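>>> have a look; sequence and predicted model below, questions after that.
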Amino acid sequence: MKRPVGVTILAIIDGLQAILLGLMGIAAFFLSKIILEQMRLEPEMSGLLEQLPPEVIETFPKVMGGIFLVLALANAAIAIGLWALQSWAWYLNLMLQALGIFGNLGGLLMVNPISLAAVAFSGFYIYYFLQQPVQEAFGIRNVF
């Protein structure tokens, strides 16, 4: 079956996210000293950093870098799976979008525009992937 145009666009977006997250992960590893210096300049962060043991402070950017790299790999896998119309990518994508909505609920309560945009995008994403032609393209039979 032919890949729907929307799936192609979303696969490309996921691929670009994977590249961006990978770059952020690499930067966190190699620029950890600069990141920590910048964090110490922020009044809110410097107070928090003073309360933490030095080992935790030095490890934090590396842990974040690792998380970014894992997310980059997940996005790359999803992008490839969407491009190839793999049913596992369809399911995984829907689960991650639902988690994204759940994760941004706190930001919505605080009327954070980025959280609002993230929830709107994830909601559109879920709506689109639940459309019958998209489900058929992935070989999914009537989820609802």
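Thanks, I have the structure now. Numbers count the residues shown, from 1 in each chain.

>>> ok, which stretches of the chain are helices?
Applying DSSP state H to the chain gives helices spanning 5-30, 32-41, 43-51, 54-83, 87-103, 105-109, 113-129, 132-137.

>>> any idea how this protein splits into domains?
Per the record, the chain has its domains at 1-84, 86-143, by the TED database.

>>> let me know how buried residue 75 is, in neighbour terms.
Counted with other CB atoms under 10 Å, residues neighbouring residue 75 total 21. Just so you know, the C-beta spots here come from the backbone N, C-alpha and C atoms, and that holds for glycine as well.

>>> surely it and residue 15 touch.
Yes. When contacts are counted by CB atoms under 8 Å, residue 75 is listed as touching residue 15 (7.4 Å).

>>> make TSV out of the helices of the chain and add mean pLDDT.
Listed next are these as TSV, based on pLDDT from 0 to 100:
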stretch	mean pLDDT
helix 5-30	94
helix 32-41	80
helix 43-51	79
helix 54-83	91
helix 87-103	92
helix 105-109	79
helix 113-129	92
helix 132-137	93
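
>>> and the gap between residue 124 and residue 118?
11 Å (CB to CB, to the nearest Å).

>>> of the two, which one has the most company?
Neighbours per residue (other CB under 10 Å) separate residue 124 from residue 118, with residue 118 holding more: 18 against 13.

>>> OK, contacts around that one?
By CB atoms under 8 Å, 6 or more residues apart in numbering, the residues touching residue 118 are 100-101, 104, 107.

>>> give me that answer again for 7 Å
Residues near residue 118 by CB atoms under 7 Å, 6 or more residues apart in numbering: 100, 104.

>>> counting neighbours, what do you get for the nearest residue to residue 61 once chain neighbours are set aside?
In space, and not counting its chain neighbours, residue 61 is closest to residue 32: 3.7 Å by CB to CB, 6 or more residues apart in numbering. Here the count is done by other CB under 10 Å, and residue 32 has 18 residues near it.

>>> for residue 1, same thing?
Neighbour count of residue 1, defined by other CB under 10 Å: 9.

>>> one more: residue 113?
Residue 113 has 8 neighbours, counted by other CB under 10 Å.

>>> could you do residue 101 as well?
Per other CB under 10 Å, the neighbour tally for residue 101 reads 18.
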